[in-house]
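Peer 1: requesting a structural model of the entry that follows:
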Amino acid sequence: MRVPSFLVVSIESAINFAISMYLVDRIVRFLREEEESSVKCIILDMSAMAVIDASGLDALAELNRVLNKRNIKVQQ
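Peer 2: Just a heads-up that it's a prediction; the model follows:
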């Protein structure tokens, strides 16, 4: 879902080693494709997510580092 200045990402499956870096890459690619990215905050809706493994946690930490460098807040 897209609201001005916000990007809402709904994660409805487990975040594990198989998809963890895909998730990070996809979000970062979306931000790069936005020439004049007005995104100031990303909301991660994980209410439907049942499982996350260590690589999933690492991926979320990496995403947080990338977004901090771009001055984008992450809300969970």
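
Peer 1: use CA for all of it now, contacts and neighbours both
Peer 2: Will do.

Peer 1: list the buried residues for whichever strand or helix holds residue 43?
Peer 2: Residue 43 belongs to strand 41-45 when assigned by DSSP states H and E. Going by neighbour count (16 or more other C-alpha atoms under 10 Å), the buried part of strand 41-45 is 41-42.

Peer 1: as a check, name the ranges of all strands in the protein.
Peer 2: For the chain, the strands defined by DSSP state E cover 2-3, 6-10, 41-45, 73-75.

Peer 1: strand partners (parallel or antiparallel) of the second one?
Peer 2: This points to strand 6-10. Sheet partners assigned to strand 6-10 using DSSP bridges are listed as strand 2-3 (antiparallel), strand 41-45 (parallel).

Peer 1: let me know the average pLDDT across it.
Peer 2: Mean pLDDT, computed over strand 6-10, is 86.

Peer 1: just the CA trace of that strand, in PDB.
Peer 2: Extracted in PDB, the C-alpha atoms of strand 6-10 (Å, rounded to 0.1, in the frame of the first residue of the first chain):
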ATOM      1  CA  PHE A   6       4.800   6.200   3.800                       C
ATOM      2  CA  LEU A   7       5.400   2.800   2.400                       C
ATOM      3  CA  VAL A   8       3.400  -0.100   4.000                       C
ATOM      4  CA  VAL A   9       4.900  -3.500   3.500                       C
ATOM      5  CA  SER A  10       2.700  -6.400   4.500                       C
END
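
Peer 1: re the thing from before, redo the strands of the chain as CSV? Include distance to residue 31.
Peer 2: Shown next, in CSV, are the strands of the chain (distance: least, C-alpha to C-alpha, whole Å):
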stretch, distance to residue 31
strand 2-3, 12
strand 6-10, 10
strand 41-45, 11
strand 73-75, 13
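
Peer 1: between these, which one is closest to residue 26.
Peer 2: Residue 26 lies closest to strand 6-10 among the strands of the chain, at 10.6 Å (C-alpha to C-alpha).

Peer 1: just the buried positions in that closest one, please.
Peer 2: For strand 6-10, burial by neighbour count (16+ other C-alpha under 10 Å) applies to 6-9.

Peer 1: residues contacting that strand, please?
Peer 2: Strand 6-10 is contacted by residues 1-2, 38-46 when judged by C-alpha atoms under 8 Å, 6 or more residues apart in numbering.
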